[in-house]
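[1] any chance you can model this:
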Amino acid sequence: MLKKNHILAMGTGLLLLGTAAVAAPADDAIIVGLSADITTLDPAAIASRDNSNVARHIFGTLFSIDGEGKTHPDLATDLKVSEDGLSYVYTMKEGLTCHDGEPLTAEDAAYSFNRAADPALAFTGNTPGFIFSSIGFQSAEALDDTHVKINIDEKNPIAFGLITEVFIHCMDSYSTMTTDEATTTPIGSGDYEMTSWTRGSEIVLNKVNGDSPFNSIVWRILPEASTRAAELMAGNVDIITNVAPDQMDVINDSGVATVDPIQGTRRMYVGFNLSDEMAAKPGGEAIQNTDVRRALQYAVDVPTICKQLLNFECERMTGIVNPQNAHPNLTPYPFDPDMAEKLLDEAGWPRQGDDNMRFSIEFQAGQGRYLNDTNVVLAITQMLTDVGIDVQLNMMEWSSVYIPLIRERNAGPLYFIGSGGALWSPLYDMTDLAAVESGTNYTHWDDPRWFDRWADISAAESAEELRTIVDEMLQVFYDDGPWLHLYFQPDFYGVSKRIDWQPRPDEKVYLFDAKLN
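    Prediction:
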């Protein structure tokens, strides 16, 4: 096993300077290098940020929220909310057209919502699994050609913001497709349409609307960080995601590209899957105990992981909410392996046997999606091993193996994941766990001190009352919650000097405002 003082060595890599024979981008094209392939372009099934970034250029939304939290009209121009907060009526723009040539009306918007919620189709993507479970979506209906009404089951202070993430698609085409066909043949409502998708290689989009100077967007799949960097410096791609920390100086010294670092909102954590099925697996019983979960918080040296593996100074998370919206009186768990061992002893899991371990447990993670993720997971594995946990690490291919487990809430008993967040409300971050059955509650945590409070949030009559409830919930999450708290991932984008483009803090790689320098 690797010792903690070897973490830095794990993070250094060899930058491959050879590049494939790929033509440099044309003036009317922009090329983005992604670290992981997408899995679907069915708008109701999309569950990851990379997937969503591609899809947002194909599908419009009713409104949008920019990186600073400001709202903007997109397919809709106006919104009226009923007095009881249970109905949202959007006024659609006139003259909209689907990529299949059919008019885009309120009927298509209503269909987009209702299709995602159709139990017969059993979608588990972001829309049904996160948005709908968070707002208590009931139904959508077209009142006429330009007015669509969204009905929810109780007043929700962030329903508008969540609805901005629902992709609008076109009823005439999708009503005749199978779900398999919808995966690969999107019929959208946005500025670009897909012209080709070669799995594991690239997705090509061509412009049909909008003011962007780029008539095409090419998303290239480049899993190796060194390859992404080399392609950027060779001028074959314009933007790359997930620049490895040991390649930042090389890119900045190249003269052709720079690394734009930004503090991201993605919350990185080790999840404790508390389902009955996981409880029957080795180690599953141990993590059902809140004292064990609390003990393991002390076992992981998060600031050292940040500094040595991610090349940035971080303060450890105190929970599920981004720092500016977090509980003001909580302090991060310190790295204290002696405390971890003491608490594990007191919880009834002493070291024992020939191997002097406490219990065995499987730890699952995907590869290549997050910044230096393999080495981060190796470091966490070693730190848990150091306090007597016999960790069986299982690294998996990201898109086709690991993501299905996550989507089905079957990863674990320990799993490594990042959950996208936002700056405009603490409730956005908290709605990962809006209900026990939420598609994003990968942990199956069911503490009533958290879940029963959502009704109180809906009934809150002032910002002060709402903030008090939020802080009480965050205290429960900190004390007894289902996440081993890590860090808010920094985002390192490599950007060609050919391109004028500013990254956002929420990992939304939107190219609508990009232009040539």
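
[2] pLDDT weak spots in the chain?
    Confidence mapping of the chain against pLDDT under 70 gives the ranges 1-23.

[3] remind me, longest strand of it?
    Longest strand in the chain, counting residues (DSSP state E): strand 257-272.

[4] list the buried residues for the helix or strand that that one is followed by?
    The helix or strand immediately downstream of strand 257-272 is helix 276-279, counting by DSSP states H and E. Within helix 276-279, the residues scored as buried using 16 or more other C-beta atoms under 10 Å are 278-279. Using the backbone N, CA and C atoms, a C-beta is placed for each residue, glycine as well.

[5] for stretch 123-134, same thing?
    Quick answer for stretch 123-134 (16+ other C-beta under 10 Å): 123-134.

[6] now the residues you listed as CSV including secondary structure?
    Shown next, in CSV, are those (DSSP: H, G, I helix; E, B strand; the rest coil):
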residue, secondary structure
123, coil
124, coil
125, coil
126, helix
127, helix
128, helix
129, helix
130, helix
131, helix
132, helix
133, helix
134, helix
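
[7] quick one: the helices in the stretch 151-300 of the chain, in order.
    Taking DSSP state H, counting those that start in this stretch, the helices of the stretch 151-300 of the chain run over residues 159-163, 171-174, 179-184, 225-233, 248-252, 276-279, 284-287, 290-297.

[8] winner for burial among those helices?
    Highest mean neighbour count of the helices of the stretch 151-300 of the chain: helix 225-233, a mean of 24 (counted as mean count of other C-beta atoms under 10 Å).

[9] between it and strand 257-272, how many degrees?
    Interaxial angle of helix 225-233 relative to strand 257-272 (axes from the mean of the first three to the mean of the last three C-alpha atoms, to 10 degrees): 150 degrees.

[10] picking that back up, output the buried residues of stretch 123-134 in TSV, with distance to residue 150 appended to each entry.
    Compiled in TSV, those are given as follows (distance: C-beta to C-beta, whole Å):
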residue	distance to residue 150
123	17
124	21
125	18
126	16
127	12
128	14
129	17
130	16
131	11
132	10
133	15
134	13
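
[11] looking at the residues you listed, which is nearest residue 436?
    Proximity of the buried residues of stretch 123-134 to residue 436 was ranked by C-beta to C-beta; the top entry is residue 133 with 9.8 Å.

[12] for that closest one, list the residues it contacts.
    434-435, 437-440 (C-beta atoms under 8 Å, 6 or more residues apart in numbering).

[13] which residue packs closest to it, ignoring adjacent ones?
    Closest residue to residue 133 in three dimensions, ignoring its sequence neighbours and counting by C-beta to C-beta, 6 or more residues apart in numbering: residue 438, at 4.3 Å.

[14] got it, and residue 58?
    Spatially, and ignoring its direct neighbours in sequence, residue 58 is nearest to residue 188 (3.8 Å; C-beta to C-beta, 6+ apart).

[15] please tell me how far the one you found sits from residue 179.
    17 Å (C-beta to C-beta, to the nearest Å).

[16] what about the lengthiest helix in the chain, distance to the chain center?
    Secondary structure of the chain per DSSP state H: the longest helix is helix 463-480. Chain-centre distance of helix 463-480: 23 Å, with C-alpha atoms, centre = their mean, to the nearest Å.

[17] same question for stretch 389-408.
    16 Å.

[18] so what's the residue nearest to residue 342 when sequence neighbours are not counted up against?
    Distance criterion C-beta to C-beta, 6+ apart; nearest residue to residue 342, sequence neighbours excluded, is residue 295 at 8.0 Å. Shown in contact with residue 295 (C-beta under 8 Å, 6+ apart): 339-344, 347, 387.

[19] so residue 267 sits against residue 421, correct?
    Yes: counting by C-beta atoms under 8 Å, residue 267 does reach residue 421; the two are 5.4 Å apart.

[20] name the residues contacting each of the two.
    Jointly contacting residue 267 and residue 421 under the rule C-beta under 8 Å, 6+ apart are 322, 429, 488.

[21] how far out from the middle of the chain is the helix or strand in which the second one is found?
    In this structure, residue 429 sits in helix 426-430 according to DSSP H and E. Here helix 426-430 is found 13 Å from its chain centre; the criterion is C-alpha atoms, centre = their mean.

[22] buried residues, the very next helix or strand once past it. List them.
    Using DSSP H and E, the helix or strand that follows helix 426-430 in sequence is helix 448-451. Residues of helix 448-451 classed as buried: 450-451 (neighbour count, 16+ other C-beta under 10 Å).

[23] quickly note the distance from the spatially most central residue of the chain to residue 429.
    Using C-alpha atoms, centre = their mean, the residue of the chain that lies closest to the mean C-alpha position is residue 420, 3.5 Å off. Going from residue 420 to residue 429 by C-beta to C-beta gives 9 Å.

[24] what does residue 365 give?
    Residue 365 sits 22 Å away from residue 429, going by C-beta to C-beta.

[25] what about these two, which has more around it?
    Between residue 365 and residue 429, counting by other C-beta atoms under 10 Å, residue 365 is the more crowded of the two (25 against 22).

[26] could you look up the SS state of that one?
    strand.

[27] how near is the residue of the chain positioned farthest from its centre to residue 390?
    Most distant from the centre of the chain: residue 354, at 41.3 Å, with distances by C-alpha atoms, centre = their mean. Note on residue 354: its distance to residue 390, by C-beta to C-beta, is 12 Å.

[28] same deal with residue 502?
    Going from residue 502 to residue 390 by C-beta to C-beta gives 46 Å.

[29] who has more neighbours, those two?
    Taking other C-beta under 10 Å, residue 502 and residue 390 do not tie; residue 390 has more neighbours (16 against 11).

[30] assign the more buried one to helix, strand or coil.
    Residue 390 is classified as strand under three-state DSSP.

[31] that one pairs with what?
    residue 360 (DSSP bridges).

[32] phi, psi for the residue lying closest to residue 496 once chain neighbours are set aside please.
    In this structure, residue 496 finds its nearest non-sequential neighbour in residue 238, 4.5 Å apart by C-beta to C-beta, 6+ apart. As for residue 238, its main-chain torsions (degrees, to the nearest 10) stand at phi -100, psi -30.
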